[in-house]
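> Below are the sequence and a predicted model for it; my questions follow.
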Amino acid sequence: MKCPNCGAEMKEGVLYCETCGQDIHIVPDFEPELDADIQQTIQSIADEIREPDPSGDPPLEESAGNGQTPERRRGGKKKWIVAAVFLAVFLGAGGAGGVFTYLHYSADYQVERAREYRDNGWYDRAVRYYERAIELDGKNVDLKAELAEVYFLKNNKVEYEYLLRQIANDPNATAEQTEDAYGKLIAIYRARGDYQTINDFLLASGNGNVIAAYQSYVAAAPDFSVKAGYYNSIQPLKLTASGEGKIYYTMDGTDPDENSTLYTTPILLEKGDYLIKAYFVNENGIASDIASAEYHIVIEKLPSPRISVESGEYHIPMEIVVEEAQGDVYYTTDGSDPDETSQLYTGAIHMPIGESIFRFISIEDGRTSDIVERTYQMYLDTQIGTGDAEKIVRSSSLEDGRIWDEAGHFDSTGDVYQYQYLYVMGLNETAYYVVAEILQSEDGTRTRTGSYYAVNAYTGELSRMQNQ
(Lines give C-alpha, C1' and ligand atoms only; values in the text may rest on other atoms or scores of the structure.)
Protein backbone atom coordinates (compact mmCIF):
# COMPACT_ATOMS: atom_id res chain seq x y z
CA MET A 1 0.00 0.00 0.00
CA LYS A 2 1.35 3.43 -0.92
CA CYS A 3 0.88 6.68 0.99
CA PRO A 4 -1.65 8.84 -0.87
CA ASN A 5 0.30 11.92 0.25
CA CYS A 6 3.98 11.16 -0.62
CA GLY A 7 3.75 7.84 -2.50
CA ALA A 8 6.05 5.93 -0.13
CA GLU A 9 5.41 2.24 0.52
CA MET A 10 3.56 1.60 3.79
CA LYS A 11 3.43 -1.45 6.01
CA GLU A 12 0.16 -3.35 6.30
CA GLY A 13 -1.99 -2.31 9.26
CA VAL A 14 -0.20 1.03 9.76
CA LEU A 15 -2.55 4.02 9.99
CA TYR A 16 0.10 6.70 9.26
CA CYS A 17 2.99 7.12 6.83
CA GLU A 18 6.35 6.68 8.51
CA THR A 19 7.93 8.79 5.75
CA CYS A 20 5.76 11.95 5.80
CA GLY A 21 3.67 11.33 8.95
CA GLN A 22 0.29 11.73 7.06
CA ASP A 23 -2.74 10.02 8.71
CA ILE A 24 -4.47 7.48 6.47
CA HIS A 25 -8.36 7.49 6.31
CA ILE A 26 -9.88 4.09 5.74
CA VAL A 27 -13.43 5.54 5.58
CA PRO A 28 -14.08 8.27 2.94
CA ASP A 29 -14.34 11.89 4.10
CA PHE A 30 -17.83 13.08 5.09
CA GLU A 31 -19.91 14.42 2.16
CA PRO A 32 -23.01 16.39 3.29
CA GLU A 33 -24.99 15.83 0.07
CA LEU A 34 -24.40 12.09 0.11
CA ASP A 35 -25.31 11.98 3.77
CA ALA A 36 -28.59 13.80 3.07
CA ASP A 37 -29.42 11.35 0.29
CA ILE A 38 -28.72 8.41 2.59
CA GLN A 39 -30.82 9.89 5.39
CA GLN A 40 -33.74 10.54 3.02
CA THR A 41 -33.69 7.01 1.64
CA ILE A 42 -33.29 5.46 5.08
CA GLN A 43 -36.32 7.48 6.19
CA SER A 44 -38.29 6.18 3.20
CA ILE A 45 -37.36 2.59 3.99
CA ALA A 46 -38.24 3.16 7.62
CA ASP A 47 -41.65 4.46 6.59
CA GLU A 48 -42.29 1.23 4.74
CA ILE A 49 -41.21 -1.00 7.64
CA ARG A 50 -43.06 0.69 10.48
CA GLU A 51 -46.78 0.98 11.00
CA PRO A 52 -48.43 4.13 9.55
CA ASP A 53 -48.11 7.22 11.69
CA PRO A 54 -51.10 9.28 12.88
CA SER A 55 -50.86 11.50 9.78
CA GLY A 56 -54.17 10.40 8.42
CA ASP A 57 -53.07 7.28 6.47
CA PRO A 58 -55.08 4.14 7.20
CA PRO A 59 -53.44 1.34 9.22
CA LEU A 60 -51.51 -1.14 7.13
CA GLU A 61 -53.77 -4.05 8.02
CA GLU A 62 -56.83 -2.16 6.69
CA SER A 63 -55.53 -1.68 3.13
CA ALA A 64 -56.71 -3.82 0.27
CA GLY A 65 -55.37 -3.96 -3.23
CA ASN A 66 -53.88 -6.85 -5.18
CA GLY A 67 -55.40 -9.84 -3.40
CA GLN A 68 -52.52 -10.36 -0.96
CA THR A 69 -53.10 -9.89 2.74
CA PRO A 70 -51.51 -6.79 4.25
CA GLU A 71 -49.25 -9.02 6.36
CA ARG A 72 -47.91 -10.84 3.28
CA ARG A 73 -47.29 -7.60 1.42
CA ARG A 74 -45.55 -6.09 4.40
CA GLY A 75 -43.53 -9.25 4.89
CA GLY A 76 -42.54 -9.16 1.22
CA LYS A 77 -41.36 -5.61 1.55
CA LYS A 78 -39.37 -6.41 4.66
CA LYS A 79 -37.58 -9.24 2.88
CA TRP A 80 -36.24 -7.11 0.05
CA ILE A 81 -35.51 -4.21 2.39
CA VAL A 82 -33.58 -6.51 4.74
CA ALA A 83 -31.77 -7.87 1.71
CA ALA A 84 -30.84 -4.36 0.63
CA VAL A 85 -29.58 -3.51 4.11
CA PHE A 86 -27.65 -6.79 4.28
CA LEU A 87 -26.07 -6.04 0.93
CA ALA A 88 -25.17 -2.58 2.15
CA VAL A 89 -23.56 -3.95 5.29
CA PHE A 90 -21.76 -6.60 3.27
CA LEU A 91 -20.40 -4.02 0.87
CA GLY A 92 -19.48 -1.58 3.62
CA ALA A 93 -20.37 2.04 4.22
CA GLY A 94 -19.63 3.06 0.64
CA GLY A 95 -21.96 0.36 -0.61
CA ALA A 96 -24.74 1.50 1.75
CA GLY A 97 -24.43 5.03 0.46
CA GLY A 98 -24.69 3.78 -3.11
CA VAL A 99 -27.84 1.74 -2.45
CA PHE A 100 -29.59 4.52 -0.59
CA THR A 101 -28.51 7.13 -3.10
CA TYR A 102 -29.81 4.98 -5.96
CA LEU A 103 -33.23 4.66 -4.34
CA HIS A 104 -33.40 8.37 -3.51
CA TYR A 105 -32.51 9.38 -7.06
CA SER A 106 -34.59 6.77 -8.87
CA ALA A 107 -37.71 8.40 -10.34
CA ASP A 108 -39.08 4.95 -11.20
CA TYR A 109 -38.74 3.83 -7.60
CA GLN A 110 -40.44 7.00 -6.31
CA VAL A 111 -43.31 6.63 -8.79
CA GLU A 112 -43.76 2.95 -7.98
CA ARG A 113 -44.01 3.68 -4.26
CA ALA A 114 -46.31 6.69 -4.89
CA ARG A 115 -48.77 4.65 -6.95
CA GLU A 116 -48.73 1.79 -4.48
CA TYR A 117 -49.59 4.09 -1.60
CA ARG A 118 -52.22 5.87 -3.71
CA ASP A 119 -53.89 2.59 -4.65
CA ASN A 120 -53.98 1.56 -0.99
CA GLY A 121 -55.45 4.86 0.13
CA TRP A 122 -52.31 6.12 1.92
CA TYR A 123 -52.52 9.55 0.33
CA ASP A 124 -50.09 11.49 2.53
CA ARG A 125 -47.29 9.04 1.75
CA ALA A 126 -48.27 9.00 -1.90
CA VAL A 127 -47.94 12.80 -1.96
CA ARG A 128 -44.38 12.66 -0.57
CA TYR A 129 -43.25 10.14 -3.19
CA TYR A 130 -45.00 11.97 -6.04
CA GLU A 131 -43.36 15.22 -5.02
CA ARG A 132 -39.93 13.56 -4.99
CA ALA A 133 -40.63 11.94 -8.38
CA ILE A 134 -41.57 15.36 -9.81
CA GLU A 135 -38.33 16.81 -8.43
CA LEU A 136 -36.47 14.13 -10.38
CA ASP A 137 -38.60 14.31 -13.53
CA GLY A 138 -40.05 17.81 -13.64
CA LYS A 139 -41.10 17.62 -17.30
CA ASN A 140 -43.37 14.63 -16.71
CA VAL A 141 -46.83 16.21 -16.79
CA ASP A 142 -48.52 12.86 -16.11
CA LEU A 143 -46.95 12.82 -12.64
CA LYS A 144 -48.41 16.25 -11.88
CA ALA A 145 -51.80 15.03 -13.06
CA GLU A 146 -51.55 11.94 -10.85
CA LEU A 147 -50.54 14.05 -7.86
CA ALA A 148 -53.49 16.38 -8.54
CA GLU A 149 -55.83 13.38 -8.43
CA VAL A 150 -54.34 12.32 -5.08
CA TYR A 151 -55.10 15.77 -3.69
CA PHE A 152 -58.61 15.42 -5.10
CA LEU A 153 -59.00 12.11 -3.27
CA LYS A 154 -57.69 13.80 -0.10
CA ASN A 155 -60.32 16.53 -0.66
CA ASN A 156 -57.54 19.12 -0.68
CA LYS A 157 -59.17 21.51 -3.16
CA VAL A 158 -56.53 24.20 -2.86
CA GLU A 159 -53.61 21.97 -3.92
CA TYR A 160 -55.80 20.23 -6.51
CA GLU A 161 -56.66 23.53 -8.19
CA TYR A 162 -53.06 24.78 -7.90
CA LEU A 163 -51.68 21.72 -9.72
CA LEU A 164 -54.33 21.91 -12.43
CA ARG A 165 -53.35 25.51 -13.09
CA GLN A 166 -49.70 24.42 -13.30
CA ILE A 167 -50.60 21.77 -15.89
CA ALA A 168 -52.75 24.21 -17.88
CA ASN A 169 -49.75 26.56 -18.21
CA ASP A 170 -47.05 23.87 -18.54
CA PRO A 171 -45.22 24.19 -21.89
CA ASN A 172 -44.46 20.45 -21.74
CA ALA A 173 -48.14 19.49 -21.58
CA THR A 174 -49.78 17.99 -24.65
CA ALA A 175 -52.95 19.53 -26.08
CA GLU A 176 -54.95 16.70 -24.53
CA GLN A 177 -53.38 17.24 -21.09
CA THR A 178 -53.93 21.00 -21.31
CA GLU A 179 -57.58 20.68 -22.32
CA ASP A 180 -58.17 18.07 -19.62
CA ALA A 181 -56.76 20.45 -16.98
CA TYR A 182 -58.91 23.32 -18.24
CA GLY A 183 -61.98 21.09 -18.22
CA LYS A 184 -61.43 20.11 -14.58
CA LEU A 185 -60.76 23.71 -13.54
CA ILE A 186 -63.93 24.88 -15.27
CA ALA A 187 -65.86 22.15 -13.44
CA ILE A 188 -64.52 23.54 -10.14
CA TYR A 189 -65.56 27.13 -10.91
CA ARG A 190 -68.87 26.07 -12.41
CA ALA A 191 -69.73 24.18 -9.21
CA ARG A 192 -69.06 27.42 -7.31
CA GLY A 193 -71.17 29.41 -9.76
CA ASP A 194 -68.08 31.53 -10.43
CA TYR A 195 -68.58 32.09 -14.15
CA GLN A 196 -66.65 35.34 -14.18
CA THR A 197 -63.46 33.51 -13.11
CA ILE A 198 -64.02 30.99 -15.92
CA ASN A 199 -64.27 33.84 -18.40
CA ASP A 200 -61.14 35.61 -17.14
CA PHE A 201 -59.21 32.33 -16.92
CA LEU A 202 -60.05 31.28 -20.49
CA LEU A 203 -59.33 34.67 -22.02
CA ALA A 204 -55.99 34.86 -20.21
CA SER A 205 -55.03 31.44 -21.58
CA GLY A 206 -54.81 32.63 -25.18
CA ASN A 207 -55.56 29.01 -26.16
CA GLY A 208 -57.86 29.17 -29.17
CA ASN A 209 -58.89 25.51 -29.00
CA VAL A 210 -59.82 25.72 -25.34
CA ILE A 211 -61.71 29.00 -25.80
CA ALA A 212 -63.65 27.50 -28.72
CA ALA A 213 -64.48 24.39 -26.70
CA TYR A 214 -65.91 26.49 -23.84
CA GLN A 215 -67.31 29.39 -25.86
CA SER A 216 -70.46 29.62 -23.75
CA TYR A 217 -68.34 30.58 -20.75
CA VAL A 218 -66.47 33.36 -22.55
CA ALA A 219 -67.59 36.95 -22.81
CA ALA A 220 -65.12 38.80 -25.00
CA ALA A 221 -65.43 42.55 -25.40
CA PRO A 222 -67.55 43.63 -28.40
CA ASP A 223 -65.95 44.29 -31.77
CA PHE A 224 -66.49 47.68 -33.44
CA SER A 225 -67.05 47.61 -37.21
CA VAL A 226 -65.51 51.07 -37.63
CA LYS A 227 -62.02 51.86 -36.37
CA ALA A 228 -61.59 54.86 -34.12
CA GLY A 229 -60.48 58.00 -35.92
CA TYR A 230 -61.51 60.90 -38.14
CA TYR A 231 -64.09 60.58 -40.93
CA ASN A 232 -65.65 62.98 -43.41
CA SER A 233 -68.87 61.04 -43.90
CA ILE A 234 -71.62 59.51 -41.76
CA GLN A 235 -70.50 56.16 -40.32
CA PRO A 236 -72.90 53.32 -39.42
CA LEU A 237 -71.21 51.62 -36.43
CA LYS A 238 -72.00 47.93 -35.87
CA LEU A 239 -71.24 46.17 -32.57
CA THR A 240 -70.77 42.41 -32.57
CA ALA A 241 -69.84 39.77 -30.00
CA SER A 242 -69.26 36.01 -30.02
CA GLY A 243 -71.94 33.81 -28.52
CA GLU A 244 -75.45 34.49 -27.27
CA GLY A 245 -76.06 37.50 -25.07
CA LYS A 246 -76.63 41.25 -25.06
CA ILE A 247 -74.50 44.32 -25.81
CA TYR A 248 -74.99 47.54 -23.86
CA TYR A 249 -73.41 50.87 -24.83
CA THR A 250 -73.12 54.54 -23.99
CA MET A 251 -72.29 57.54 -26.17
CA ASP A 252 -71.41 60.08 -23.47
CA GLY A 253 -68.15 58.54 -22.23
CA THR A 254 -69.64 56.88 -19.12
CA ASP A 255 -69.09 53.18 -18.44
CA PRO A 256 -72.05 51.08 -19.61
CA ASP A 257 -74.01 48.68 -17.43
CA GLU A 258 -77.23 46.71 -17.86
CA ASN A 259 -79.23 49.93 -17.46
CA SER A 260 -77.51 51.48 -20.48
CA THR A 261 -78.82 51.44 -24.05
CA LEU A 262 -79.31 47.94 -25.44
CA TYR A 263 -77.65 47.56 -28.85
CA THR A 264 -80.12 46.38 -31.51
CA THR A 265 -79.28 48.30 -34.71
CA PRO A 266 -76.20 50.09 -36.09
CA ILE A 267 -75.32 53.37 -34.39
CA LEU A 268 -75.36 56.21 -36.90
CA LEU A 269 -72.36 58.47 -36.31
CA GLU A 270 -73.23 61.78 -37.91
CA LYS A 271 -71.41 65.08 -37.73
CA GLY A 272 -69.63 65.63 -34.39
CA ASP A 273 -67.43 63.92 -31.78
CA TYR A 274 -68.31 60.60 -30.13
CA LEU A 275 -66.90 58.39 -27.39
CA ILE A 276 -68.60 55.00 -27.63
CA LYS A 277 -68.23 52.48 -24.81
CA ALA A 278 -69.75 49.00 -24.94
CA TYR A 279 -69.62 45.68 -23.14
CA PHE A 280 -71.13 42.23 -23.63
CA VAL A 281 -73.09 40.09 -21.16
CA ASN A 282 -73.42 36.48 -22.33
CA GLU A 283 -76.21 34.00 -21.66
CA ASN A 284 -74.55 32.86 -18.42
CA GLY A 285 -74.46 36.41 -17.08
CA ILE A 286 -70.70 36.75 -17.63
CA ALA A 287 -69.68 40.35 -18.33
CA SER A 288 -66.87 41.23 -20.72
CA ASP A 289 -64.35 44.01 -20.44
CA ILE A 290 -65.48 47.39 -21.74
CA ALA A 291 -64.45 48.27 -25.29
CA SER A 292 -64.30 51.90 -26.34
CA ALA A 293 -63.50 54.03 -29.37
CA GLU A 294 -63.47 57.74 -30.20
CA TYR A 295 -64.82 59.10 -33.47
CA HIS A 296 -64.61 62.55 -35.02
CA ILE A 297 -66.99 63.06 -37.93
CA VAL A 298 -66.28 66.14 -40.00
CA ILE A 299 -68.61 66.10 -42.99
CA GLU A 300 -67.96 68.43 -45.89
CA LYS A 301 -71.13 69.31 -47.73
CA LEU A 302 -71.61 68.34 -51.36
CA PRO A 303 -72.20 71.03 -53.97
CA SER A 304 -75.89 71.84 -54.24
CA PRO A 305 -77.64 70.45 -57.35
CA ARG A 306 -78.17 72.98 -60.13
CA ILE A 307 -81.80 73.23 -61.31
CA SER A 308 -82.65 74.37 -64.83
CA VAL A 309 -85.81 76.37 -64.03
CA GLU A 310 -85.76 79.21 -61.52
CA SER A 311 -88.66 79.98 -59.25
CA GLY A 312 -91.41 82.10 -60.86
CA GLU A 313 -94.69 82.23 -62.76
CA TYR A 314 -95.02 80.43 -66.09
CA HIS A 315 -97.72 80.27 -68.77
CA ILE A 316 -96.29 77.55 -70.96
CA PRO A 317 -95.40 73.95 -70.08
CA MET A 318 -91.95 73.67 -68.51
CA GLU A 319 -89.63 70.74 -67.80
CA ILE A 320 -87.58 70.91 -64.59
CA VAL A 321 -84.13 69.39 -65.11
CA VAL A 322 -81.25 68.77 -62.69
CA GLU A 323 -78.38 70.04 -64.82
CA GLU A 324 -75.49 69.31 -62.48
CA ALA A 325 -75.11 67.37 -59.25
CA GLN A 326 -72.68 65.20 -57.30
CA GLY A 327 -74.18 61.95 -56.07
CA ASP A 328 -77.88 61.09 -56.23
CA VAL A 329 -80.55 63.77 -56.16
CA TYR A 330 -83.77 63.36 -54.18
CA TYR A 331 -86.73 65.76 -54.14
CA THR A 332 -90.10 66.46 -52.56
CA THR A 333 -93.15 68.46 -53.79
CA ASP A 334 -94.96 68.92 -50.47
CA GLY A 335 -92.52 71.38 -48.86
CA SER A 336 -90.81 68.76 -46.63
CA ASP A 337 -87.04 68.29 -46.43
CA PRO A 338 -85.85 65.59 -48.86
CA ASP A 339 -83.66 62.64 -47.80
CA GLU A 340 -82.78 59.19 -49.10
CA THR A 341 -86.39 58.04 -48.61
CA SER A 342 -87.73 60.79 -50.88
CA GLN A 343 -88.39 60.61 -54.63
CA LEU A 344 -85.20 59.84 -56.60
CA TYR A 345 -84.59 62.13 -59.54
CA THR A 346 -84.21 60.06 -62.72
CA GLY A 347 -85.12 62.49 -65.50
CA ALA A 348 -86.92 65.70 -66.50
CA ILE A 349 -89.94 66.61 -64.34
CA HIS A 350 -93.02 68.23 -65.89
CA MET A 351 -93.96 71.38 -64.00
CA PRO A 352 -97.42 70.94 -62.47
CA ILE A 353 -100.29 73.28 -63.25
CA GLY A 354 -100.99 75.68 -60.41
CA GLU A 355 -98.66 76.38 -57.48
CA SER A 356 -95.93 73.92 -56.46
CA ILE A 357 -92.87 73.78 -54.22
CA PHE A 358 -89.89 71.59 -55.15
CA ARG A 359 -87.00 70.89 -52.76
CA PHE A 360 -83.85 69.11 -54.01
CA ILE A 361 -80.80 67.62 -52.24
CA SER A 362 -77.68 65.71 -53.33
CA ILE A 363 -76.53 62.69 -51.25
CA GLU A 364 -73.35 60.61 -51.59
CA ASP A 365 -71.72 58.25 -49.04
CA GLY A 366 -73.51 59.89 -46.15
CA ARG A 367 -72.55 63.39 -47.28
CA THR A 368 -75.27 65.83 -48.26
CA SER A 369 -75.63 69.19 -49.94
CA ASP A 370 -77.67 72.16 -48.92
CA ILE A 371 -81.32 71.94 -49.93
CA VAL A 372 -82.32 73.85 -53.07
CA GLU A 373 -85.91 75.10 -53.14
CA ARG A 374 -87.93 76.19 -56.14
CA THR A 375 -91.46 77.64 -56.08
CA TYR A 376 -93.52 77.66 -59.28
CA GLN A 377 -96.87 79.02 -60.47
CA MET A 378 -97.96 77.75 -63.87
CA TYR A 379 -101.24 78.82 -65.49
CA LEU A 380 -102.40 78.16 -69.08
CA ASP A 381 -104.51 80.75 -70.88
CA THR A 382 -107.33 78.34 -71.80
CA GLN A 383 -110.85 77.39 -70.80
CA ILE A 384 -110.14 73.68 -71.11
CA GLY A 385 -108.98 72.14 -67.82
CA THR A 386 -107.47 68.81 -66.85
CA GLY A 387 -110.89 67.36 -65.96
CA ASP A 388 -112.19 68.35 -69.38
CA ALA A 389 -109.31 66.45 -70.99
CA GLU A 390 -110.29 63.26 -69.10
CA LYS A 391 -113.93 63.61 -70.29
CA ILE A 392 -112.80 64.09 -73.89
CA VAL A 393 -110.83 60.83 -73.80
CA ARG A 394 -113.72 58.93 -72.14
CA SER A 395 -116.21 60.19 -74.75
CA SER A 396 -113.91 59.08 -77.54
CA SER A 397 -113.64 55.59 -76.02
CA LEU A 398 -117.47 55.37 -75.84
CA GLU A 399 -117.78 56.36 -79.49
CA ASP A 400 -115.16 53.79 -80.48
CA GLY A 401 -116.90 51.10 -78.46
CA ARG A 402 -113.84 50.58 -76.27
CA ILE A 403 -116.07 51.08 -73.23
CA TRP A 404 -119.87 50.46 -72.92
CA ASP A 405 -120.83 53.19 -70.45
CA GLU A 406 -119.63 56.26 -68.59
CA ALA A 407 -118.43 54.03 -65.75
CA GLY A 408 -115.98 52.42 -68.19
CA HIS A 409 -117.27 48.82 -68.32
CA PHE A 410 -116.03 46.90 -71.35
CA ASP A 411 -117.15 43.31 -70.63
CA SER A 412 -119.37 41.32 -68.28
CA THR A 413 -116.86 41.46 -65.41
CA GLY A 414 -116.69 44.24 -62.87
CA ASP A 415 -113.49 45.61 -64.39
CA VAL A 416 -113.55 49.13 -65.86
CA TYR A 417 -111.37 51.51 -67.84
CA GLN A 418 -110.76 54.92 -66.31
CA TYR A 419 -108.90 57.95 -67.63
CA GLN A 420 -106.46 60.00 -65.51
CA TYR A 421 -104.65 63.27 -66.23
CA LEU A 422 -100.85 62.94 -65.68
CA TYR A 423 -99.13 66.19 -66.73
CA VAL A 424 -99.04 68.94 -69.33
CA MET A 425 -96.35 69.01 -71.98
CA GLY A 426 -95.30 71.47 -74.62
CA LEU A 427 -94.99 70.48 -78.26
CA ASN A 428 -94.57 72.86 -81.22
CA GLU A 429 -95.42 75.83 -78.98
CA THR A 430 -98.73 74.19 -78.01
CA ALA A 431 -99.72 72.73 -74.64
CA TYR A 432 -101.12 69.21 -74.42
CA TYR A 433 -102.70 67.41 -71.50
CA VAL A 434 -101.43 63.85 -71.25
CA VAL A 435 -104.08 61.37 -70.09
CA ALA A 436 -103.41 57.71 -69.21
CA GLU A 437 -105.85 54.80 -69.47
CA ILE A 438 -106.19 52.91 -66.16
CA LEU A 439 -107.59 49.39 -65.70
CA GLN A 440 -109.38 49.19 -62.39
CA SER A 441 -110.19 45.63 -61.36
CA GLU A 442 -113.29 44.67 -59.44
CA ASP A 443 -111.17 44.43 -56.27
CA GLY A 444 -110.03 48.05 -56.70
CA THR A 445 -106.53 47.35 -58.08
CA ARG A 446 -105.44 50.04 -60.56
CA THR A 447 -102.95 49.40 -63.40
CA ARG A 448 -101.97 51.49 -66.43
CA THR A 449 -102.84 49.73 -69.65
CA GLY A 450 -100.08 51.44 -71.66
CA SER A 451 -102.51 53.58 -73.70
CA TYR A 452 -101.91 57.35 -73.52
CA TYR A 453 -103.79 60.28 -75.07
CA ALA A 454 -102.80 63.89 -75.78
CA VAL A 455 -105.53 66.56 -75.61
CA ASN A 456 -104.79 70.00 -77.03
CA ALA A 457 -105.17 72.37 -74.09
CA TYR A 458 -106.56 75.14 -76.33
CA THR A 459 -108.73 73.33 -78.89
CA GLY A 460 -109.63 70.02 -77.16
CA GLU A 461 -108.41 68.05 -80.13
CA LEU A 462 -107.60 64.43 -79.15
CA SER A 463 -104.57 62.50 -80.36
CA ARG A 464 -103.56 58.95 -79.51
CA MET A 465 -99.99 58.75 -78.28
CA GLN A 466 -97.68 55.86 -78.96
CA ASN A 467 -98.07 53.21 -76.29
CA GLN A 468 -95.45 53.55 -73.55
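It's in.

> Going along the chain, name the helices of this structure.
32-49, 70-91, 93-104, 107-119, 123-136, 141-153, 157-168, 175-192, 195-205, 208-213, 386-400 (DSSP state H).

> Of these, which shows the lowest average pLDDT?
Across these, helix 70-91 has the smallest mean pLDDT, namely a mean of 47.

> quick one: Asn456 and Lys154, what's the gap?
Distance, Asn456 to Lys154, by C-beta to C-beta, to the nearest Å: 108 Å. From N, CA and C alone the C-beta is placed, and that goes for glycine too.

> more neighbours, these two?
Applying other C-beta atoms under 10 Å to Asn456 and Lys154 shows that Asn456 carries more neighbours, namely 18 against 15.

> list the contacts for that one?
By C-beta atoms under 8 Å, 6 or more residues apart in numbering, the residues touching Asn456 are 384, 430-432, 462-463.

> Got the confidence number for it?
For Asn456, the model assigns a pLDDT of 97.

> from here on, count from 738
With 738 as the first residue, the last one maps to Asn1193.

> Quick check: bridge partners of it?
Using DSSP bridges, the beta-bridge partners of Asn1193 come out as Tyr1169.

> picking that back up, which of the contacts of Asn1193 are buried?
Among the contacts of Asn1193, the ones that count as buried by 16 or more other C-beta atoms under 10 Å are 1121, 1168-1169, 1199.

> could you dump those to a markdown table with pLDDT?
Below are the buried ones among the contacts of Asn1193 laid out as a markdown table (pLDDT from 0 to 100):
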| residue | pLDDT |
| --- | --- |
| Ile1121 | 96 |
| Ala1168 | 97 |
| Tyr1169 | 97 |
| Leu1199 | 96 |
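
> Which one of the residues you listed is nearest to Met1115?
Met1115 has its nearest neighbour among the buried ones among the contacts of Asn1193 in Ala1168, at 9.9 Å by C-beta to C-beta.

> Name the nearest residue to the closest one, sequence neighbours excluded.
Computed as C-beta to C-beta, 6 or more residues apart in numbering, the closest residue to Ala1168 that is not its neighbour in sequence is Ala1194, at 4.0 Å.

> try Gln1203
Ranked by C-beta to C-beta, 6+ apart and with sequence neighbours excluded, the top spatial neighbour of Gln1203 is Tyr1189, at 7.9 Å.

> isn't that neighbour right next to Val1172, touching?
Yes - with contact defined as C-beta atoms under 8 Å, Tyr1189 reaches Val1172; the gap is 7.0 Å.

> more crowded one of those two?
Val1172 (25 against 18).

> Bridged to Tyr1113, which residues?
On the basis of DSSP bridges, Tyr1113 is bridged to Gly1049, Ser1093.

> Number of residues surrounding it?
Tyr1113: 20 neighbours (other C-beta under 10 Å).

> List the contacts of the residue sitting nearest the centre point of the chain.
By C-alpha atoms, centre = their mean, the chain has its centre lying nearest to Ser979, at 3.1 Å. Ser979 makes contact with 952, 955, 957, according to C-beta under 8 Å, 6+ apart.

> Can you say which of these are buried?
Buried, going by 16+ other C-beta under 10 Å: 955, 957, out of those.

> before we move on, the earlier item: give me the pLDDT value at the residue nearest to the centre of the chain.
At Ser979, the pLDDT value in this model is 82.

> in the sheet, who's paired with Tyr1067?
Leu1081, Ile1098.

> Thought Glu1077 was touching it, still the case?
Yes - applying C-beta under 8 Å, one finds Tyr1067 in contact with Glu1077, separated by 6.4 Å.

> Compare those two (neighbour count), which wins?
Tyr1067 (21 against 11).

> Now for the more buried one: which residues touch it?
Here Tyr1067 is in contact with 1075-1077, 1079-1082, 1097-1098, 1100 (C-beta under 8 Å, 6+ apart).

> re the thing from before, need the phi and psi values for the residue nearest to Ala1168.
Its backbone dihedrals place Ala1194 at phi -70, psi -10, with angles given as degrees, to the nearest 10.

> so how many other residues sit close to Pro993?
22.

> Wait, it touches Ser1029, no?
No - applying C-beta under 8 Å, one finds Pro993 not in contact with Ser1029, separated by 9.5 Å.

> still on that earlier bit, name the residues contacting each of Tyr1189 and Val1172.
Going by C-beta under 8 Å, 6+ apart, residues that sit against Tyr1189 and also against Val1172 are Leu1159.

> Just the buried residues of stretch 893-905, please?
If you call a residue buried by 16+ other C-beta under 10 Å, then stretch 893-905 has these buried ones: 893, 897-898, 900-901, 903-905.

> Ok, stretch 870-878 next?
870-871, 873, 878.

> and which of those residues is nearest Tyr926?
Among the buried residues of stretch 870-878, Val878 lies closest to Tyr926 (C-beta to C-beta), at 21.6 Å.

> what about the nearest residue to the closest one once chain neighbours are set aside, neighbour count?
Leaving aside its sequence neighbours, Val878 sits nearest to Ala910 (C-beta to C-beta, 6+ apart; 4.6 Å). Per other C-beta under 10 Å, the neighbour tally for Ala910 reads 20.

> Perfect, that will be all.
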